[in-house]
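Undergrad: Fold the following, please.
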Amino acid sequence: MNMKTIITTIILLTTVSNYLSAGKKISGVNKEDKPEVYTSLEKALSEKDKVKILKLNYKYNGEIPKEIEQLIYLQEISLRFNNLTEFPLVLLRLKDIRRIDLEKNAIGKLPEEIKELKNLEILSVVGNNLTTIPSSIGELKNLKELNFSWNQIELLPKEICNLNNLTRLIAGGNKIKTLPREFGKLSKLTSLSFSNNQLTELPQSFGILTKLEFLNLADNKLKDLPPNFNNLQNLVYLKLEDNEFDEFPASLTSFKQLEKLHISHCNIDTIDADLDMPKLHELYLSSNKLGSFTGDLSKLVSLKRLWIIENNLSFIPVAITTIPNLERLYLGDNSISKLAGDITKMHNLKILSLERNEINYVTESICEMKSLESLQLNGNPLHQLPCTIKDCQSLINIYVKDTKLKPSQIDDLKRITPESILIFE
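TA: Model prediction:
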C-alpha cells in the first residue's frame, strides 16, 4: 500500500468516525431533551427544578397535596382516577402549566379562576360531574384542545367561542341542546365531537368551520343540516348516525375530501340526490327506511364498502350497481326477492351479503361476477342455486344456512363446484 493510499484511508476513517460521533451526540441531545415523566411526587419534589411532566393517576383519594405548587416549571400534569370532587386550586399557581388531565374524577365545577392559566393548551375533564362550563374559559387564548365529554353539561357559554386557537373540541356524552350562534368563530377547529347529546339543530355559523376534518354529531336529534354545511369541504370523516333525518340532507351531496360517512339509524326513506364524493370509500346507511335509490351514485369512484342492512329494499337498486369499484356490499335484513339484473355487472365486487332477505331466485349470469369471493345467502327461502355458480372464478365460500335447499341439492352443489369453494350450510 503506497503512502497516498494510506493517507486517503486515514482521512476516510477519520471522516466516518467524526460522522458517527456526531450522530451519537445528536442522539444523546435528543434523548436528554426529552423530559422525564415523573410518577412519584416525592421524587419530583427532590428534583423540582427538572420536573416538567408529572403523572399521579390512581394516587390519591379526594385531595391533592399542596406541595405540587413547588413544581414551578411543571408543564403537564395528569391526575386521573383520584376521586376529586373539586378542581385542585393548587394548579392555579402553576403559571407555566400547558396540559391538565383530570379525567375520571367527580369534579362538579370548574372555577372562574381557571382563566389565570394563561399558558394552558390542553384541558381534559372527561367523565366528571360538570353541569356547566364557566364563561371565563373564553380567556384561555392559548387553549388548543378541550375535552369535557361524558359530563352533565346542558348549555355552553357563548364565551367558549372566543377560543380562537382551539383545534380540537370533544363534548360528547352531555345534555347539550343548542350551540351558541357565534360557534363559527372557532375557525381553527379541525376535530369536533358532540355525539350523544340532544342537539336539534346547528347554528348557521356552523358552515364557517371550513378547517374541520373530523366531525361527530352521532346520536342527537338533528332533523336537517344548515344549507351552508357543504362549505365544510375539508371533512374526511363524518358521523351522523342515530339522528332524526326524514330524508338525505340536501347539503350533504358533494364533499371532495370525505372518506367515511356514517348516517345509519335515521329515518331516511330514499336517496334521490346525486352524490359527488370522489374520495369516499366507506358508506354506512344501515337501519334506515330506504326503499329506493334514484340519484346518481356513479361518481362514488373510490367507494369500496357499502352497508345498507336493515332497510326496506325489495330489490337491488340499479343505482348501486353503477358504483364502479365497490368491493363489499352488505344488504342483509331487507326484503329483496331476487339476485338478478345489473348486479352481475359489478365486476369488482368481492363480498355480497344478502342474509335474511326473501331471495328465492339467483340468476344464472352470476358467473359474470369475476371477482366475487363470498356469497352470503343465509336465512333466505332459496330452493335452488344455478349450476353456473361453479364458474365464478374467484369464489371462495357460499353461505346457505337456514335456506330451503335440500341436503341432496347441497351435495350436488358440492360435487359440481371446485374443492376450493367452501359451502357453509
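Undergrad: what's across from the spatially most central residue of the chain in the sheet?
TA: Nearest to the geometric centre of the chain sits Tyr237, at 6.2 Å (C-alpha atoms, centre = their mean). Applying DSSP bridges to Tyr237 yields these beta-bridge partners: Phe214, Lys260.
Undergrad: Can you report phi and psi for the nearest residue to Asp276 once chain neighbours are set aside?
TA: Spatially, and ignoring its direct neighbours in sequence, Asp276 is nearest to Ser254 (4.3 Å; C-beta to C-beta, 6 or more residues apart in numbering). Bear in mind the C-beta positions are built from the backbone N, C-alpha and C, glycine included. Backbone torsions of Ser254, given as degrees, to the nearest 10, read phi -140, psi 100.
Undergrad: if I read this right, Ser254 contacts Asn230, doesn't it?
TA: Yes: proximity of Ser254 to Asn230 meets the contact threshold set by C-beta atoms under 8 Å, at 6.0 Å.
Undergrad: In terms of helix, strand or coil, where does Ser205 fall?
TA: helix (DSSP: H, G, I helix; E, B strand; the rest coil).
Undergrad: wait, it sits on Leu186?
TA: No: with contact defined as C-beta under 8 Å, Ser205 does not reach Leu186; the gap is 9.3 Å.
Undergrad: out of the two, which sits in the busier spot?
TA: Leu186 (24 against 19; other C-beta atoms under 10 Å).
Undergrad: Quick one: neighbours of Thr403, just the number.
TA: 21.
Undergrad: Next, it: secondary structure please.
TA: Applying three-state DSSP: Thr403 is coil.
Undergrad: And it, how close does it get to Asn378?
TA: 7 Å (C-beta to C-beta, to the nearest Å).
Undergrad: And Leu385, by the same measure?
TA: 13 Å.
Undergrad: In terms of neighbours, single out the busier of those two.
TA: Leu385 (26 against 19).
Undergrad: And the pLDDT for that one?
TA: On the pLDDT scale, Leu385 is placed at 92.
Undergrad: Now do the contacts for the spatially closest residue to it that is not a sequence neighbour.
TA: Of all residues beyond its chain neighbours, the one nearest Leu385 is Val362 (5.6 Å), with distances taken as C-beta to C-beta, 6+ apart. By C-beta atoms under 8 Å, 6 or more residues apart in numbering, Val362 lies in contact with 338-340, 377, 382, 385-386, 389.
Undergrad: Looking at these, spot the one nearest Lys211.
TA: Using C-beta to C-beta, Leu339 comes nearest to Lys211 of those, at 44.7 Å.
Undergrad: before we move on, the earlier item: now render the contacts of Val362 as JSON lines, adding distance to Leu56 and secondary structure.
TA: Formatted as JSON lines, the contacts of Val362 follow (distance: C-beta to C-beta, whole Å; DSSP: H, G, I helix; E, B strand; the rest coil):
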{"residue": "Lys338", "distance to Leu56": "64", "secondary structure": "strand"}
{"residue": "Leu339", "distance to Leu56": "61", "secondary structure": "strand"}
{"residue": "Ala340", "distance to Leu56": "65", "secondary structure": "coil"}
{"residue": "Leu377", "distance to Leu56": "57", "secondary structure": "coil"}
{"residue": "Leu382", "distance to Leu56": "62", "secondary structure": "coil"}
{"residue": "Leu385", "distance to Leu56": "64", "secondary structure": "coil"}
{"residue": "Pro386", "distance to Leu56": "68", "secondary structure": "coil"}
{"residue": "Ile389", "distance to Leu56": "63", "secondary structure": "helix"}
